[in-house]
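Trainee: predicted model and sequence follow; I will ask about them next.
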Amino acid sequence: MMQFRWLCAAACAAVFSCATLLAQPAPPPEDLPLDALLNTRISTAAKYEQRVTDVPASVAVITAEEIARNGWLTLADALASVPGVTLTYDRGYTYLGVRGVGLPGDYNNRLLILLNGEPLLDGVAGAIDIGTALGVDLSSLARIEFVRGPGSVLYGSGAMFGVINLVLKSEQEASSVVVGSGSHHTTIANGRFVHDLGNGFSMSVAGSMQSDPGQNLFYPEYDTPENNNGVSSGHDYDNYRSLMGTVAGHGLRLLALTSTRTKGVPTGWFGTNFNGQQQFTDGRSLLSLTTEHRTSSTGQVFLRTSYDRFDYHGQFPYGDEMGRDRSSSTRLNADFRYVWDARPNHRVTLGAEYVANVRASYTTSLGDITHVIGGPFSIGSVYAQSEFQPVHSLSVTTGLRFDRYAHVTQTLNPRGAVVWHCNAANTLKVLYGSAFRLPSVFELGLVDEGQNFISNPNLQPEKIRQYEVVWEGRLTPEVLVSVSPYRLHMTGLIRQQTDALTTITQYQNLNDVVSQGVELKADYRRSDGLWSYASYSRQQAREDGIEMLNSAANLAKAGISTPTSLPLQGALELVYESGRKSLARSETDGVLLANLTFSAALRSSMRLSVTIRNLLNTRYATPGSPPQAEDTIPQNGRTFLLRLRVGG
């Protein structure tokens, strides 16, 4: 093992030595890579475009260039590079932890993920996957905008720890095709094609697929002859298909997406038969239309309407019977907003949103017993935000949102931010925000007589308040440093609770969560295309004064990469995290992971690449979730993916 690690280190050194020698001469100063990053215009934080340095929030932007350099395949791969982020994979879904908070199996429902501003939601559990079930190929993205902190003022329920917007490439980008093969006989393919329709309209079509048979996995908790000696054989498969199309022109944009993903379950969820035929399928059909129109020199109208259907169905064997569950949600959405420049230094945004969940039901069946929960519900919201610049270098942002939820309650959430450009090289942001998450249909009504689980229609929303200071300083034209101390306080955390006397389990508003810490990051981007970064996060998350589950106190990340325009290109990522507490209050070991990508240009429009994840073949595990017998879930060892890309 030690010899292999030395060989890996030597290979990495060779990759970057070769790539550095091939680096091109520096462009003029105005084309420096940091200028391009800081001048990137994003819309997630305010629902209109702002430069990254002006955004009244803590923001991480991941560009298409970074995705290509590092060979990232899923959103989870890309977000793993962001300070304060941890990943948890339970062999079914991948969950995102932010700033020390990420309960095992929490459905990712304390974050919002958008596709070109359109929320991707499951109307029953509020769930969203950041792995293969997402259904969006990263090669179709122009960038990923991650606005950390409470975002309910503009986005409503669920935007507690941040909003992630997946921004698609324009229809003018070049077409491309990628095919690949990797570990465990995995095969992938994706392609994107663009076409000019004339009369100011253009279109794109993108498709992707994966066939992954998975691997055989050993779980000591099931190490008995009747359970195949703890070996789950042939039940880790992960197959998906997605198709997405856009048409844009004259202020209109039509987006259509359909995706499906089937995943085998090797871990024996919910006390089912281990090594049995357990699987689930997630599917989405989305249709969205957005339009914008300038009504005057000082006013602009935006309108977004959408249809979003999400279906899940699973099968889980219990003894000689096959249990099945299914959730289905259909969501109609209309979002209207008016952006008014009241004065040259004062912009006001007024908005109203209406969501009709015309279907939101969850059904379980085992033998002759069937339970159905949920039903239609609606949401009405109004919001306002003001951005005022008393002087050119200072902006003050305030906002307020009122939501009326027909099936639960009503909420009022404020936000405030001050952004001060101290000078050309330094920016200081002082941020405050509050947010909430409504209890989901699943949490409100879940009943499982076999598990002695009862519903709790009296659940109240989770709420959060966060304070943060962000300093961004440009030490040199090529070096950017940021420091972000923060403190968040979350109340009414919804969790499963089992009564020790009655053994009855239900979802309850249990505890308070306090997380505080600091994130530090340095970006070094040379004009010859050599980019590197390093970050450290110290975070302390406590639930009613006790160290929180699945929370790593220390995170350190680093990476270095060369541009994909070179004949030879490489990227190396390093991630270290300290141990995390599991449900059984054991602690996982600290872990250091390394990922390597190397690519070579075969022709001007053809490139061959290989990505090796967990390069050092480190053995590690992440905490399991309540439905699993395993306290910790072993993660993948070394894997590789070989890809051939043709076109842009």
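Mentor: Good, I have the coordinates.
Trainee: residue nearest the centroid of the chain?
Mentor: residue 130 (4.9 Å; CA atoms, centre = their mean).
Trainee: next up, the contacts around that residue.
Mentor: 74-76, 79, 94-96, 108, 113 (CB atoms under 8 Å, 6 or more residues apart in numbering). Just so you know, the C-beta spots here come from the backbone N, C-alpha and C atoms, and that holds for glycine as well.
Trainee: same question, residue 601
Mentor: 566-568, 607.
Trainee: hmm, back to that, now, which of the contacts of residue 130 sits nearest residue 459?
Mentor: residue 108 (18.7 Å; CB to CB).
Trainee: OK, contacts around the closest one?
Mentor: Counted by CB under 8 Å, 6+ apart, residue 108 has contacts 93, 95-96, 127-130.
Trainee: which element, helix or strand, includes it?
Mentor: Assigned by DSSP states H and E, residue 108 belongs to no helix or strand.
Trainee: next: residue 241.
Mentor: strand 238-249.
Trainee: list the buried residues in that strand.
Mentor: 238-242, 244, 246-249 (16 or more other CB atoms under 10 Å).
Trainee: shaky segments in this protein?
Mentor: Scanning the chain for pLDDT under 70 picks out 1-31, 407-408.
Trainee: tell me which other helices or strands the strand or helix carrying residue 303 touches.
Mentor: If you go by DSSP H and E, residue 303 is part of strand 299-318. Applying 3 or more CB pairs under 8 Å, 6 or more residues apart in numbering; DSSP states H and E, one finds that strand 299-318 makes contact with strand 118-119, strand 279-294, strand 321-343.
Trainee: any idea how many residues pack against residue 370?
Mentor: For residue 370, the neighbour count with other CB atoms under 10 Å is 10.
Trainee: ok so, going back, so the residue nearest to the centre of the chain lies in a strand, does it not?
Mentor: No. The assignment for residue 130 is coil, going by DSSP: H, G, I helix; E, B strand; the rest coil, so no strand is present there.
Trainee: ok, it to residue 183 distance?
Mentor: Per CB to CB, to the nearest Å, residue 130 is found 21 Å from residue 183.
Trainee: relative to the whole chain's centre, how far out is stretch 441-460?
Mentor: 27 Å (CA atoms, centre = their mean, to the nearest Å).
Trainee: and for stretch 451-471?
Mentor: Centre to centre, stretch against its chain (CA atoms, centre = their mean), the figure for stretch 451-471 is 19 Å.
Trainee: can you pull the buried residues of it?
Mentor: 455-456, 459, 461-466, 468-470.
Trainee: before we move on, what about stretch 340-349?
Mentor: 340, 347-349.
Trainee: can you list the strands that the helix or strand hosting residue 88 pairs with?
Mentor: Residue 88 is part of strand 85-89 when elements are defined by DSSP H and E. Its sheet considered, strand 85-89 pairs with strand 94-98 (antiparallel) by DSSP bridges.
Trainee: now the partner strand: how far from the chain's centre is it?
Mentor: That offset, for strand 94-98, works out to 7 Å (CA atoms, centre = their mean).
Trainee: and the helix or strand following that strand, what other elements does it pack with?
Mentor: Next helix or strand after strand 94-98 toward the C-terminus (DSSP H and E): strand 112-115. Applying 3+ CB pairs under 8 Å, 6+ apart, we find strand 112-115 packed against strand 162-168.
Trainee: now do the strand it packs on and strand 238-249, the angle between them.
Mentor: Put simply, strand 162-168 runs at 70 degrees to strand 238-249, going by axes from the mean of the first three to the mean of the last three CA atoms, to 10 degrees.
Trainee: who are the packing partners of strand 162-168?
Mentor: Looks like strand 162-168 contacts helix 75-79, strand 112-115, strand 141-148 (3+ CB pairs under 8 Å, 6+ apart).
Trainee: next, the contact list for residue 620, please.
Mentor: So residue 620 contacts 588-589, 591, 593, 634-635 (CB under 8 Å, 6+ apart).
Trainee: distance check, it against residue 554.
Mentor: Counting by CB to CB - residue 620 and residue 554 are separated by 15 Å.
Trainee: tell me how many other residues surround residue 103.
Mentor: Neighbour number of residue 103 under other CB under 10 Å is 23.
Trainee: touching, it and residue 495? I think so.
Mentor: Yes. With contact defined as CB atoms under 8 Å, residue 103 reaches residue 495; the gap is 7.1 Å.
Trainee: returning to what we had before: could the buried residues of strand 238-249 go into JSON lines alongside distance to residue 59?
Mentor: Below are those laid out as JSON lines (distance: CB to CB, whole Å):
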{"residue": "238", "distance to residue 59": "31"}
{"residue": "239", "distance to residue 59": "34"}
{"residue": "240", "distance to residue 59": "29"}
{"residue": "241", "distance to residue 59": "32"}
{"residue": "242", "distance to residue 59": "27"}
{"residue": "244", "distance to residue 59": "25"}
{"residue": "246", "distance to residue 59": "25"}
{"residue": "247", "distance to residue 59": "29"}
{"residue": "248", "distance to residue 59": "25"}
{"residue": "249", "distance to residue 59": "29"}
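Trainee: and of those residues, the nearest to residue 502?
Mentor: For those, the nearest to residue 502 is residue 238 (39.0 Å; CB to CB).
Trainee: contacts only, for the residue nearest to residue 126 when sequence neighbours are not counted.
Mentor: Excluding its sequence neighbours, the residue lying closest to residue 126 (CB to CB, 6 or more residues apart in numbering) is residue 109, at 3.4 Å. If you count contacts by CB under 8 Å, 6+ apart, residue 109 has them with 125-128, 158, 437, 440.
Trainee: quick one: buried residues of stretch 366-382?
Mentor: 366, 371, 373-374, 377, 379, 381.
Trainee: what does stretch 404-421 give?
Mentor: 405, 407-408, 411, 413, 415-419, 421.
Trainee: secondary structure added to those residues, as CSV?
Mentor: Below are those laid out as CSV (three-state DSSP):
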residue, secondary structure
405, strand
407, coil
408, coil
411, strand
413, strand
415, strand
416, strand
417, strand
418, strand
419, strand
421, strand
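Trainee: nearest to residue 630, of those residues?
Mentor: Closest to residue 630, out of all of the buried residues of stretch 404-421 and judged by CB to CB, is residue 408, at 33.9 Å.
Trainee: can I get stretch 284-294 as CSV, trimmed to CA atoms?
Mentor: Taking Å, rounded to 0.1, in the frame of the first residue of the first chain, the C-alpha atoms of stretch 284-294 are listed here in CSV:
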residue,chain,number,x,y,z
ARG,A,284,-39.4,13.3,-12.7
SER,A,285,-41.2,15.2,-15.5
LEU,A,286,-40.7,19.0,-15.5
LEU,A,287,-42.0,21.7,-17.9
SER,A,288,-41.1,25.3,-17.2
LEU,A,289,-41.7,28.6,-19.1
THR,A,290,-40.0,31.8,-18.1
THR,A,291,-40.4,35.2,-19.6
GLU,A,292,-39.0,38.7,-18.9
HIS,A,293,-40.2,42.0,-20.3
ARG,A,294,-38.9,45.6,-19.7
